[in-house]
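Asker: Here is a sequence together with a model predicted from it:
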Amino acid sequence: MLNLDYSYCQSDQKLRVERFLNEWHNEKKYIIAKTSGSTGEPKEITLKKSSMVLSARRTLNHFNCTPGSNALLCLSPETIAGKMMIVRSIVGKLNLFVGDSSVKLNIPSNVTIDLCAMVPMQLMYILENTPSQLDTIRINLIGGGPISSAAIDLLHSTGHLAYHTFGMTETISHIALRSIGKLTEPHFTLLPDVDIEVLDGKLIINDHLLNSGPILTNDLIVKIDATHFDWIGRADFVILSGGKKFYAEEIEFNIQQIVTLPFFIAGVDDEHLGQRVVLYIESETPVSFKKEQFGAYLPSHQIPKEVIHIDSFVRTQSGKIDRICTIELSIQRVAEKIL
């Protein structure tokens with residue numbers, strides 16, 4: 001029987017957990033999950049419960065989580081990451097503390113949390129406001145999107161043991177990890193029984209433990225060797241401008257020292273260039289930039305041509321920025337030229 005502590009969450013999160021538990025314990029051998037929807041419409045996919053159990057055991061073994069260890073759920077059970085934290089707790093006979101999936105986390109302070117999973121937005125809020133909350137967490141898995149270099153620098157100074165995870169709903173859980181806390185590693189390292197291929201720059205995943213067959217992704221990577229790779233970005237967000245190919249996430253990484261508000265880069269149709277590079281910023285008031293500010297960080301042809309301010313970005317359930325919906329909502333917005 002799963003040992004649950006609901007004292008750190010609101011009633012709606014408790015209902016979501018109980019809804020998943022009912023689905024997990026029914027007679028079906030699978031559950032229905034939805035993809036994140038960050039690059040298009042969320043899709044329903046079928047996941048075998050037996051595969052979820054195998055994936056859970058791999059994580060538990062990797063981080064030496066034994067029966068009686070404590071886990072913290074601070075993600076929605078409607079996401080794959082939230083579901084898997086519950087499954088790990090069931091399979092590993094862990095004590096599961098259920099918190100809310102909001103940015104402001106209520107982390108138990110009187111016990112050691114052996115395993116926790118957060119999205120980058122939650123981590124950054126803690127690092128900027130109450131970093132001491134991390135002291136009670138032994139292993140922290142950070143997934144759901146890129147992590148800024150500023151967050152990694154803050155994290156490193158705390159001595160906290162954290163890992164950037166790489167995975168998706170289709171792979172059930174993470175298939176690779178990169179240490180970003182007390183120890184910082186430059187590349188993602190594949191978990192046991194996982195190997196990868198690259199086709200036209202796109203990642204293909206083979207998970208032999210789950211026997212899931214090759215999964216062709218839209219993730220662009222550089223394969224370092226048989227067990228390591230670097231993530232470049234999503235093929236969905238490649239920008240073709242003036243006959244050159246740019247990666248939106250790579251530009252974002254390079255300018256994060258300049259743009260301190262939530263932002264993203266996208267390509268907008270341009271009759272001369274094909275696409276022009278545009279900077280989208282989440283801000284109620286305009287923020288002005290000049291080309292010179294970007295010159296030290298970007299080649300001239302990658303510098304954004306204009307900036308569009310949006311009061312509030314559209315986000316997915318897991319906290320990722322929904323670029324497509326946000327861009328659609330901003331069509332009527334006036335762009336400010338970057339001179």
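Answerer: Done, it's in.

Asker: Now do the contacts for the nearest residue to Ala335 once chain neighbours are set aside.
Answerer: With Cβ to Cβ, 6 or more residues apart in numbering as the criterion, Ala335 has its nearest non-adjacent residue at 4.0 Å, and that residue is Glu306. For glycine as for every other residue, the C-beta is placed from the backbone atoms N, C-alpha and C. Neighbouring residues of Glu306 by Cβ atoms under 8 Å, 6 or more residues apart in numbering: 276, 278-279, 335-338.

Asker: and if you look at His301?
Answerer: Going by Cβ under 8 Å, 6+ apart, His301 touches 241-242, 244, 246.

Asker: quick one: which two of the contacts of Glu306 are the most distant?
Answerer: Distances among the contacts of Glu306 were taken as Cβ to Cβ; the most separated pair is Arg276 and Glu336, at 13.5 Å.

Asker: To what extent is the nearest residue to Gln256 once chain neighbours are set aside buried, counted in neighbours?
Answerer: Distance criterion Cβ to Cβ, 6+ apart; nearest residue to Gln256, sequence neighbours excluded, is Ser148 at 5.2 Å. As a burial measure, Ser148 scores 16 neighbours (other Cβ atoms under 10 Å).

Asker: Show the contacting residues for Ser148.
Answerer: 120, 124, 256.

Asker: which regions of the stretch 1-150 of the chain sit below the pLDDT cut-off?
Answerer: 36-41 (pLDDT under 70).

Asker: Between Arg276 and Glu336, which has more neighbouring residues?
Answerer: A direct count of neighbours by other Cβ under 10 Å for Arg276 and Glu336 places Arg276 higher, at 19 against 16.

Asker: Quickly find the element holding the more buried one.
Answerer: In this assignment (DSSP states H and E), Arg276 forms part of strand 274-282.

Asker: same check, this time on Val268
Answerer: Going by DSSP H and E, Val268 is in strand 263-270.

Asker: in its sheet, what does that strand sit against?
Answerer: strand 274-282 (antiparallel) (DSSP bridges).

Asker: Do me a favour and average the pLDDT over the partner strand.
Answerer: Mean per-residue pLDDT for strand 274-282: 93.

Asker: List the buried residues in that strand.
Answerer: Along strand 274-282, these residues count as buried under the neighbour rule (16 or more other Cβ atoms under 10 Å): 275-282.

Asker: Over to stretch 3-20?
Answerer: 4-5, 8-9, 13, 16-17, 20.

Asker: which residues make contact with that stretch from outside it?
Answerer: Stretch 3-20 is contacted by residues 73, 76-78, 82-83, 86, 94-101, 106-108 when judged by Cβ under 8 Å, 6+ apart.

Asker: Output that stretch as PDB, restricted to C-alpha atoms.
Answerer: The C-alpha trace of stretch 3-20 is given here as PDB (Å, rounded to 0.1, in the frame of the first residue of the first chain):
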ATOM      1  CA  ASN A   3       2.100   5.600   2.000                       C
ATOM      2  CA  LEU A   4       0.800   9.100   1.000                       C
ATOM      3  CA  ASP A   5       1.000  12.400   2.800                       C
ATOM      4  CA  TYR A   6      -1.400  15.000   1.500                       C
ATOM      5  CA  SER A   7      -0.600  17.700   4.100                       C
ATOM      6  CA  TYR A   8       1.500  19.800   1.600                       C
ATOM      7  CA  CYS A   9      -1.100  20.100  -1.200                       C
ATOM      8  CA  GLN A  10      -4.400  21.600  -2.100                       C
ATOM      9  CA  SER A  11      -7.500  19.500  -2.700                       C
ATOM     10  CA  ASP A  12      -7.400  19.700  -6.500                       C
ATOM     11  CA  GLN A  13      -3.900  18.100  -6.500                       C
ATOM     12  CA  LYS A  14      -5.100  15.300  -4.200                       C
ATOM     13  CA  LEU A  15      -8.000  14.600  -6.600                       C
ATOM     14  CA  ARG A  16      -5.600  14.400  -9.500                       C
ATOM     15  CA  VAL A  17      -3.400  11.900  -7.600                       C
ATOM     16  CA  GLU A  18      -6.400   9.800  -6.600                       C
ATOM     17  CA  ARG A  19      -7.700   9.900 -10.200                       C
ATOM     18  CA  PHE A  20      -4.400   8.500 -11.500                       C
END
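
Asker: Relative to the whole chain's centre, how far out is it?
Answerer: How far stretch 3-20 lies from its chain's middle: 23 Å, per Cα atoms, centre = their mean, to the nearest Å.

Asker: now the helices for the stretch 101-250 of the chain?
Answerer: Counting by DSSP state H, counting those that start in this stretch, the stretch 101-250 of the chain has helices at residues 120-129, 149-158, 248-254.

Asker: Minimum distance to Asp195: which of the ones you listed has it?
Answerer: The closest of these to Asp195 is helix 248-254. By Cβ to Cβ, the value is 24.1 Å.

Asker: With distance to Thr158 added, can I get the buried residues of strand 274-282 in a markdown table?
Answerer: Formatted as a markdown table, those follow (distance: Cβ to Cβ, whole Å):
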| residue | distance to Thr158 |
| --- | --- |
| Gln275 | 40 |
| Arg276 | 40 |
| Val277 | 35 |
| Val278 | 35 |
| Leu279 | 31 |
| Tyr280 | 31 |
| Ile281 | 28 |
| Glu282 | 26 |
